[in-house]
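Peer 1: What follows is a predicted protein model with its sequence.
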Number of protein chains: 2
Amino acid sequence: MCELYSKQDTLALRRKHIGPSCKVFFAADPIKIVRAQRQYMFDEKGEQYLDCINNVAHVGHCHPEVVQAAQRQMELLNTNSRFLHDNVVEYAKRLSATLPDKLSVCYFTNSGSEANDLALRLARQFRGHQDVITLDHAYHGHLSSLIEISPYKFRKGKDVKKEFVHVAPAPDIYRGKYREDHADPASAYASEVKKIIDEAHNSGRKIAAFIAESMQSCGGQIIPPAGYFQKVAEYVHGAGGVFIADEVQYGGNPVSSAVGLAVLDVIENEDLQGNATRVGNYLTELLNKQKAKHTLIGDVRGVGLFIGIDLVKDHQKRTPATAEAQHIIYKMKEKRVLLSADGPHRNVLKIKPPMCFTEEDAKFMVDHLDGILTGLEEAIGDKTESVITENIPCRAKMSDEAHLESLSDGILDPKENPSSKRNGLCTDKHSLLSKRLKT
Amino acid sequence: MCELYSKQDTLALRRKHIGPSCKVFFAADPIKIVRAQRQYMFDEKGEQYLDCINNVAHVGHCHPEVVQAAQRQMELLNTNSRFLHDNVVEYAKRLSATLPDKLSVCYFTNSGSEANDLALRLARQFRGHQDVITLDHAYHGHLSSLIEISPYKFRKGKDVKKEFVHVAPAPDIYRGKYREDHADPASAYASEVKKIIDEAHNSGRKIAAFIAESMQSCGGQIIPPAGYFQKVAEYVHGAGGVFIADEVQYGGNPVSSAVGLAVLDVIENEDLQGNATRVGNYLTELLNKQKAKHTLIGDVRGVGLFIGIDLVKDHQKRTPATAEAQHIIYKMKEKRVLLSADGPHRNVLKIKPPMCFTEEDAKFMVDHLDGILTGLEEAIGDKTESVITENIPCRAKMSDEAHLESLSDGILDPKENPSSKRNGLCTDKHSLLSKRLKT
């Protein structure tokens, strides 16, 4: 692989020319990736990394059919949507075919953030209502209008919650208000939304929309209990509001539509949904065995290949094992496995790989996790717990929602992360207990 | 060219699946474009159109070097900015090299709208000031936060101007408050900004930013008088605010950076800036000859290939010739020349083609314009003026900022354009005086 710059020079140029709030993964020791195929990424030395985090490349990195569709279309035409074009309408038609009949009209935008901003405008236009109900820890994008409704963002910054924003508890049955021992957590969490609606009405306010990620990711890989969204939708519709389901979107020009069409083909031809179910179940099974073996794992939850491993110091109190999570993702990186840690306490290991992930990849990942957890537990058993916390030199937030959030991060409060003063790159020596551990 | 659908079916699918506020050019008779090269676009029948409006494709449609750069990079890697990558830093470095030394840090975004939203957030973060000064008729993007500061948008809709928004007069020396007969229009227009700052301070408000397009396009191809921006910057900086120059942006992933780098190369290798100056001067010269010949042309203004032709019914009163402008762009389309009409009165013919536009293209365009103007003036001389207005069946706004504004248009007020009820496509028979004119 021909490099333009050495890794050190790339790093130096990045510090000089890229805004400091645009963070890098593994800030203490960033990775330079030069190519990627399927669920593998390769650094400048040709080292292969197993990618467990880039769900945006959901049919696999650089899928040849997707690449070819883009290459062909960009030779012919890429222009705006004010001309008629077959790709654009065909993509809209095929997307609509995957949705209920009533959802038949598309607006294509440049990003998920733009889509959510437009959804809010449409919702407010609908009946003239203004208020928005959002879930705690939600992340809906990096624009002004979306940071306002993203507790994941505005709680960290100087901004205060706007009057028109109402925060409902996240339907988290592991660490939330109603847990797995509750008789009907779906109804209980939905009632919280109903309560917010009633209180808003009592203050003369009106609900324009309820917005939620189908499964919270930055919020800690939260899977809502079955029936929750249906009940919420009923309450919100009853109040004259709309239900906004926040999903990642593609753009709508001839090239992005060609890409979108190829992606739909690949998902179908390679049965990627079936694969996600099969490999996801297998991986969850392996992880549950790890849970039985390692006390650090408090909860394993997920649907398909969207999985969270909730690390705790104490099973009863569910005390988040934040420093341990950071330690693990760095050790996994040494083993060439890319993982991230997120959630309000940064203690949830996030797994959401490209959908072509295999059972071999799952086994490879879990075997390394097993080894690292074993070493970590031995170290904790030997020493005091505090050694881990003290030795994390730079706990930059390293979410994988970089395509959406990279620009917003840190702008709200440059002091939130000491490394942001050095252009988002932490140069402190990366010790991370590595000398104290046996793995 | 292999079509997936007939033009009629594409149109029908668009009506069914694409949001109605996403308008098409020439709504009364839309064009289906299937490929494009340099400054030419081709419809499904192979008909060639001279493109005078798509400045976004500024090095020419489907430039082979740009296409190849994208094709090569997308085979290797396209991922988010949380990994180090040479293209991203190299592009930032080369962009910075085109700017004054102090402007050395880049934030890459998905669209011009996202860039402006971020600029506002940075400006407000800087000193905690909140207010924004914008120019009348300005258009800064399709997001909630940008419609608020875009008089071009909020004046048409139901929205009222927010308290933190201050609108300064556009520095239009043809139709504005201070005209070409004023001794120093630059200072006069800048003083208007100073006045706004003083009034804001008197009410205890503080200026976060002044934002302006370097040359207004939707506002009617307005070229500010020399020295205006320098004086404004001085006043705004004095008030602790920042000056935001709104320019179109590229994204910052490995593929878009490869594209950006190739574009910089092409601009340099093909001397496109020199070409824009030479052909732009030639075209302006030709248009000034037309102005001397046709009373409909009130003003010809521009820099390089960014040119406006201000059509008037009366040179003294400068009454906008709105219906005539619509008539002309449809007649030009019949001659296979793509033009648009914009400005607050929709009477300014907008020219901003790809920068590879040639002197032959300029001559071709002006010859057709000459013929159409001659025919139009004869018809107006023969008949009453009102025939033109009465015979424009559908005056949908057809701005060329489709990549930014297509989604916002009409959402604010679905009634602004009768055709929006039919999915933005006007199907009325397109008469446009064609039978009454000799051209």
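Peer 2: Thanks, I have it. Numbering: from 1, shown residues only, chains lettered A, B, ... in the order given.

Peer 1: didn't residue A:297 look like it was pressed against residue A:290?
Peer 2: Yes: if you go by C-beta atoms under 8 Å, residue A:297 and residue A:290 touch, sitting 5.9 Å apart. (Each C-beta comes from the backbone N, C-alpha and C, glycine too.)

Peer 1: Give me the common contacts of those two.
Peer 2: Counting by C-beta atoms under 8 Å, 6 or more residues apart in numbering or on different chains, the common neighbours of residue A:297 and residue A:290 are residue A:373.

Peer 1: Neighbour count for these two, which is higher?
Peer 2: Set residue A:297 next to residue A:290 and count neighbours by other C-beta atoms under 10 Å in any protein chain shown: residue A:297 wins out with 21 against 17.

Peer 1: what bridges to that one?
Peer 2: For residue A:297, the beta-bridge partners under DSSP bridges are residue A:311.

Peer 1: Also the one 5 residues further on?
Peer 2: Residue A:302 forms beta bridges with residue A:307, as assigned by DSSP bridges.

Peer 1: quick one: it and residue A:180, what's the gap?
Peer 2: In this view, residue A:302 and residue A:180 are 15 Å apart by C-beta to C-beta, to the nearest Å.

Peer 1: neighbour-wise, which of the two wins?
Peer 2: Using other C-beta under 10 Å as the criterion, residue A:302 and residue A:180 rank with residue A:302 on top: 19 against 11.

Peer 1: Distance of the more buried one relative to residue A:99?
Peer 2: Per C-beta to C-beta, residue A:302 is found 24 Å from residue A:99.

Peer 1: pretty sure residue A:11 contacts residue B:85?
Peer 2: No: between residue A:11 and residue B:85 there is no contact under C-beta under 8 Å: 11.2 Å.

Peer 1: the more surrounded of these two?
Peer 2: Using other C-beta under 10 Å as the criterion, residue A:11 and residue B:85 rank with residue B:85 on top: 27 against 19.

Peer 1: In PDB, list the C-alpha atoms belonging to the helix or strand containing residue A:117.
Peer 2: Element membership for residue A:117 (DSSP states H and E) is helix A:112-127. Taking Å, rounded to 0.1, in the frame of the first residue of the first chain, the C-alpha atoms of helix A:112-127 are listed here in PDB:
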ATOM      1  CA  GLY A 112     -29.100  11.100   8.900                       C
ATOM      2  CA  SER A 113     -28.900  14.400  10.700                       C
ATOM      3  CA  GLU A 114     -30.500  16.200   7.700                       C
ATOM      4  CA  ALA A 115     -33.200  13.600   7.700                       C
ATOM      5  CA  ASN A 116     -34.000  14.100  11.400                       C
ATOM      6  CA  ASP A 117     -34.100  17.900  11.000                       C
ATOM      7  CA  LEU A 118     -36.500  17.500   8.100                       C
ATOM      8  CA  ALA A 119     -38.600  15.000  10.100                       C
ATOM      9  CA  LEU A 120     -39.000  17.600  12.900                       C
ATOM     10  CA  ARG A 121     -40.000  20.300  10.400                       C
ATOM     11  CA  LEU A 122     -42.600  18.000   8.900                       C
ATOM     12  CA  ALA A 123     -43.900  17.000  12.300                       C
ATOM     13  CA  ARG A 124     -44.300  20.600  13.400                       C
ATOM     14  CA  GLN A 125     -45.900  21.600  10.100                       C
ATOM     15  CA  PHE A 126     -48.500  18.800  10.400                       C
ATOM     16  CA  ARG A 127     -50.600  20.300  13.100                       C
END
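
Peer 1: tilt between it and helix B:112-127?
Peer 2: For helix A:112-127 against helix B:112-127, the angle by axes from the mean of the first three to the mean of the last three C-alpha atoms, to 10 degrees is 90 degrees.

Peer 1: Residue A:257 touches residue A:94, doesn't it?
Peer 2: No: Residue A:257 sits out of contact with residue A:94 when judged by C-beta under 8 Å, with a separation of 9.7 Å.

Peer 1: Pick out whichever of these two has more residues nearby.
Peer 2: Neighbours were counted for residue A:257 and for residue A:94 using other C-beta under 10 Å; residue A:257 has more, 27 against 15.

Peer 1: Phi first, then psi, for that one.
Peer 2: phi -70, psi -40 (degrees, to the nearest 10).

Peer 1: give the contact list for it.
Peer 2: Contact analysis of residue A:257 by C-beta under 8 Å, 6+ apart lists A:73, A:85, A:87, A:88, A:90, A:91, A:108, A:250.

Peer 1: got any ranges where the stretch 301-439 of chain A has weak pLDDT?
Peer 2: For the stretch 301-439 of chain A, the stretches flagged by pLDDT under 70 are A:382-439.

Peer 1: Which parts of it are helices?
Peer 2: For the stretch 301-439 of chain A, the helices defined by DSSP state H, counting those that start in this stretch cover A:322-334, A:359-382, A:386-390, A:402-405.

Peer 1: export these to CSV and tack on mean neighbour count?
Peer 2: Formatted as CSV, those follow (neighbours: other C-beta atoms under 10 Å in any protein chain shown):
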stretch, mean neighbour count
helix A:322-334, 22
helix A:359-382, 17
helix A:386-390, 14
helix A:402-405, 24
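
Peer 1: what would those helices look like in TSV with distance to chain B?
Peer 2: Below are those laid out as TSV (distance: least, C-beta to the nearest C-beta, whole Å):
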stretch	distance to chain B
helix A:322-334	12
helix A:359-382	18
helix A:386-390	24
helix A:402-405	4
